[in-house]
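Asks: give me a model of this one.
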Amino acid sequence: MELKTYFTILRRRGWIILLAALIAGAAAFGFSRLQEPIYRARILVSVLPARADWGLSNSTKDLLRNFQTNLLTHRMANKVIDRAQLDMHSDLLLSEIEVNPEPDRFIIEIVAKDPDPQTAVSIVQTMAQIFTEEREAWNQEQDKRDQIDVSIVDNAREAPLWRPKPLTNAIAGLILGALLGAAVIVLLEWLEASALRTAEDVERALNLSVLGAIPPTS
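Replies: So this is what the prediction gives:
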């Protein structure tokens, strides 16, 4: 297909792409505005062996998964609720948090998502504090060389908006709508591929030269 043909198609049907993009973009923006805002807070907890020993370092990495499991329990959730004085059940709190161990960095990331930014910050901060206190108590019963030092890397200070993001969703809707509109044009052109609209189409289909044409009547 010649470049001229593409321009002709866009001139005739380009409005389909524009309309589909506008509808999809507006729908995505409107739907995003109707959603309840969710805020995301995170905190990093450092988990380091007491000495630079290869065996102890690998044992610490293996323990990160166990720490993750212990953090995601109703026991821990209830402790967080009691200390932070949160008005929620442990099931709800557990549904709002994520615990992501990162063995390569000796880090545990605790994430909370909640409609209230202060609640999200309180959850991660309180959980990190309880976890470090429990590990410190455990260390008191161990030989100093076998201890695992747990500390908060930095306190949680704010919880930025996680979703919805109307502008981002609107842009994605525009792109998706434009692609859908382009697909509709391709389908329409395929359905009308057998139609002969111009003298060039006739010559191409019949391999004959067009000598004349009957002009359309009003």
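
Asks: what's the first helix or strand after the one helix or strand A26 maps to?
Replies: Applying DSSP states H and E as the criterion places A26 in helix 3-34. Counting by DSSP H and E, the element after helix 3-34 in chain order, helix or strand, is strand 38-49.

Asks: what helices or strands is that following strand leaning on?
Replies: Packing contacts for strand 38-49, counted by 3 or more Cβ pairs under 8 Å, 6 or more residues apart in numbering; DSSP states H and E, involve helix 54-71, strand 107-114, helix 117-139, strand 148-154, strand 161-163. Every residue, glycine included, has its C-beta placed from N, CA and C.

Asks: so, low pLDDT: which residues of the protein?
Replies: When the per-residue scores of the chain are filtered using pLDDT under 70, the ranges that remain are 1-2, 193-197, 205, 211, 217-218.

Asks: can you list the domain ranges for it.
Replies: Domain assignment for the chain, taken from automatic domain parsing, gives 14-35+165-193, 38-163.

Asks: any chance of those domains in TSV, with mean neighbour count too?
Replies: Putting those into TSV (neighbours: other Cβ atoms under 10 Å) gives the following:
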stretch	mean neighbour count
domain 14-35+165-193	15
domain 38-163	16
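
Asks: need the next SSE after the one helix or strand A172 maps to, C-terminal direction.
Replies: Assigned by DSSP H and E, A172 falls within helix 166-191. Following the chain from helix 166-191 toward its C-terminal end, the next helix or strand by DSSP H and E is helix 199-206.
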